[in-house]
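*Asks:* Model the following, please.
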Amino acid sequence: ELPQGFASLSSIYGGTYMLNKPFDGVVVGDDKKVAGVKSEGETVKCKMVVADPSYFPDKCKEVAKVVRAICILEAPIPNTNNNPSCQVIIPQNQVGRKSDIYVLCVSSTHNVATPKFHIALVSTTVETANPEAELEPGLKLLGNIKEKFVSVSSVFDPIPSSYGEDNIYVSSSFDATTHFESTCEDIIKIYESVTGEPFDFDKLDAKLEEFKDNEG
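*Replies:* Numbers count the residues shown, from 1 in each chain. A predicted model of the protein is given here:
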């Protein structure tokens, strides 16, 4: 849904978008700045590129690994007052770790499951050779788990020395957090790098109010 939402806004504001197209590299101009993006024999001209690490692995470095368990539940997480959603953070020192453990639960209220089921996500930064076992304190909170899917993924950060020098701005990977704080901070960092000025939340509030007035 995120790519579709972006494409919709892009269309409204006169942008060009391509969905479900392979990335075949970039075109660099004589000034050593990015000048276009290549895909299936076509080139889309641009002045800058914003991308995640999977598109430019040579511009990134691995900084950690994250283990995640996506669990299907048939009931809300116990002891949460039957709430359709909740978030629990298990402090690192409470379980003898260097990293917190994050537990997130969502449901049909968020249109991610049928009314009968809940979806829980348990994640943390890998610290041992047995990543799944590191999730155990969080998994114990979930009650009966109908199905569980565990994965381990690398976390990449852009290499500072080459960040934006060719007008290519690479984001960081998603870390173990489930509240998106670090992701929002990364977005603000990219915005400031691209525009050369800090993000003004007051202007955003004004635009939202203007949008509400127009809708009303």
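*Asks:* contacts, neighbours, all on C-alpha from now
*Replies:* Will do.
*Asks:* So which residues make contact with stretch 44-54?
*Replies:* 33-38, 59-60, 156-158, 167-173 (Cα atoms under 8 Å, 6 or more residues apart in numbering).
*Asks:* Equivalent analysis for stretch 4-14, please.
*Replies:* Here stretch 4-14 makes contact (Cα under 8 Å, 6+ apart) with 16-17.
*Asks:* what stretches of this structure score poorly on pLDDT?
*Replies:* The chain contains residues with pLDDT under 70 at 1, 215-216.
*Asks:* quick one, helices of it?
*Replies:* 2-12, 131-134, 136-139, 181-195, 201-215 (DSSP state H).
*Asks:* returning to what we had before: so which of the contacts of stretch 44-54 belong to strands?
*Replies:* Under the assignment DSSP state E, these contribute 34-38, 60, 156-158, 168-170 to strands.
*Asks:* for these, which one is nearest residue 196?
*Replies:* Distance to residue 196, by Cα to Cα, is smallest for residue 169 among the ones in strands among the contacts of stretch 44-54, at 12.9 Å.
*Asks:* now the ones in strands among the contacts of stretch 44-54 in CSV, with distance to residue 132?
*Replies:* As requested, those are exported to CSV (distance: Cα to Cα, whole Å):
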residue, distance to residue 132
34, 41
35, 44
36, 42
37, 39
38, 39
60, 26
156, 20
157, 23
158, 27
168, 35
169, 33
170, 29
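*Asks:* from those, which single one is nearest residue 190?
*Replies:* residue 169 (6.9 Å).
*Asks:* give the contact list for that closest one.
*Replies:* Residue 169 makes contacts with 48-51, 163, 190, 194, as judged by Cα under 8 Å, 6+ apart.
*Asks:* Residue 105 now?
*Replies:* The contact partners of residue 105, taken as Cα under 8 Å, 6+ apart, are 76-77, 84-87, 118-121.
*Asks:* Mind checking which of the residues you listed are buried?
*Replies:* Of the members of those, the ones counted as buried by neighbours, 16 or more other Cα atoms under 10 Å, are 76-77, 84-87, 118-121.
*Asks:* Out of those, the closest to residue 27 would be?
*Replies:* Relative to residue 27, the closest of the buried ones among the contacts of residue 105 is residue 121; by Cα to Cα it sits at 39.2 Å.
*Asks:* For the closest one, give me its contacts.
*Replies:* By Cα under 8 Å, 6+ apart, the contact list for residue 121 reads 68-71, 102-105.
*Asks:* same question, residue 119
*Replies:* 70-73, 105-107, 112-113.
*Asks:* May I see those organised as CSV, with distance to residue 134 added?
*Replies:* Output for the contacts of residue 119, formatted as CSV (distance: Cα to Cα, whole Å):
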residue, distance to residue 134
70, 14
71, 15
72, 19
73, 20
105, 19
106, 22
107, 25
112, 26
113, 26
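*Asks:* Alright, I will stop here.
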